[in-house]
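Peer 1: Sequence and predicted structure, then a few things I'm wondering about:
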Amino acid sequence: MKKALMMKHVEDEIAALTGSPLYEYRIENNYMPVIGEGSLDANIFFVGEAPGKKEGETGKPFCGRSGKFLDEMLASIGLDRNATYITSVVKDRPQDNRDPTPQEIALYGPYLDRQFEIIQPKVIVLLGRISMKYVFEKAGIKEKLDTIGVMHGKVYEGTLPYGKVILLPLYHPAAALYNPKNKAVLLEDFKVVKKYL
């Protein structure tokens, strides 16, 4: 119950985040903030970059085309989506599906930090370069950062305030939609996650 209450506080604060440069855009378009969903006891935690249009409309993470491919990846290793926790660094949809700005990442990042603290996952799967950079810096291993093209599918160990954590950078599932060759790469890389089930 305590975890659910703590997550509700995070949700309420983000819902009222009028200081966000994305707040007006949320209100104008009748979008919802996307806090995250899944098990508050998850050992495996997925972090994307920011919500897309479908996510903003529903308030659910990874529910559009990228989400369908994420579901396919989860099924490929027999992992139930409900046994994981899925969110993104930025909790509101940026305009025109652009990358979040450093200012937006700095504003929303502390909410992700609190989600880590509440759930305390052992494995964090980083979907794309933006979440990879943010979490590697938080986990005290920013010196290991390279391009996502070099780092994808490799296992790293970092430390968050609650303890040691395994970090797995992957291409964002959207990469498979833009370039079908990436689909095979992502499915292959995803096998690494299976070791931690």
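Peer 2: On my side now, so go ahead.

Peer 1: tell me the phi and psi of A139?
Peer 2: phi -90, psi 10 (degrees, to the nearest 10).

Peer 1: In three-state terms, label the closest residue to it other than its chain neighbours for me.
Peer 2: Distance criterion C-beta to C-beta, 6 or more residues apart in numbering; nearest residue to A139, sequence neighbours excluded, is G158 at 2.6 Å. In this view, the C-beta of every residue, glycine as well, is placed from N, C-alpha and C. Three-state assignment for G158 (DSSP: H, G, I helix; E, B strand; the rest coil): strand.

Peer 1: is it true that G158 touches I141?
Peer 2: Yes - taking contacts as C-beta atoms under 8 Å, G158 lies within contact range of I141: 4.6 Å.

Peer 1: Tell me the residues that contact both of the two, please.
Peer 2: Taking C-beta atoms under 8 Å, 6 or more residues apart in numbering as the contact rule, the neighbours common to G158 and I141 are L167.

Peer 1: Please identify the residue most distant from the middle of the protein.
Peer 2: Using C-alpha atoms, centre = their mean, the residue of the chain lying farthest from its centre is E28. It sits 24.7 Å away.

Peer 1: From I77, how far out is that residue?
Peer 2: From E28 over to I77 the distance is 40 Å, taken as C-beta to C-beta, to the nearest Å.

Peer 1: More neighbours: G158 and I141, which one.
Peer 2: Taking G158 and I141 together and counting by other C-beta atoms under 10 Å, G158 has the greater number of neighbours (18 against 15).

Peer 1: In contact with the more buried one: list those residues for me.
Peer 2: With contacts defined as C-beta under 8 Å, 6+ apart, the neighbours of G158 are 135-136, 138-141, 164-165, 167.

Peer 1: Of these, just say which sits nearest to Q103.
Peer 2: Proximity of the contacts of G158 to Q103 was ranked by C-beta to C-beta; the top entry is K138 with 17.2 Å.

Peer 1: Torsion angles phi and psi at the closest one?
Peer 2: phi -60, psi -30.

Peer 1: hang on, it packs against R114?
Peer 2: No - because the distance of 11.8 Å does not satisfy C-beta under 8 Å, K138 is recorded as not touching R114.

Peer 1: out of the two, which sits in the busier spot?
Peer 2: The neighbour count for K138 versus R114, taken as other C-beta under 10 Å, is higher for K138 (21 against 15).

Peer 1: What pLDDT does the model give that one?
Peer 2: K138 is assigned a pLDDT of 97 by the prediction.

Peer 1: cool, the one 5 residues further on as well?
Peer 2: In the predicted model, E143 carries a pLDDT score of 97.

Peer 1: how close does it get to I166?
Peer 2: With distances defined as C-beta to C-beta, the gap from E143 to I166 amounts to 18 Å.
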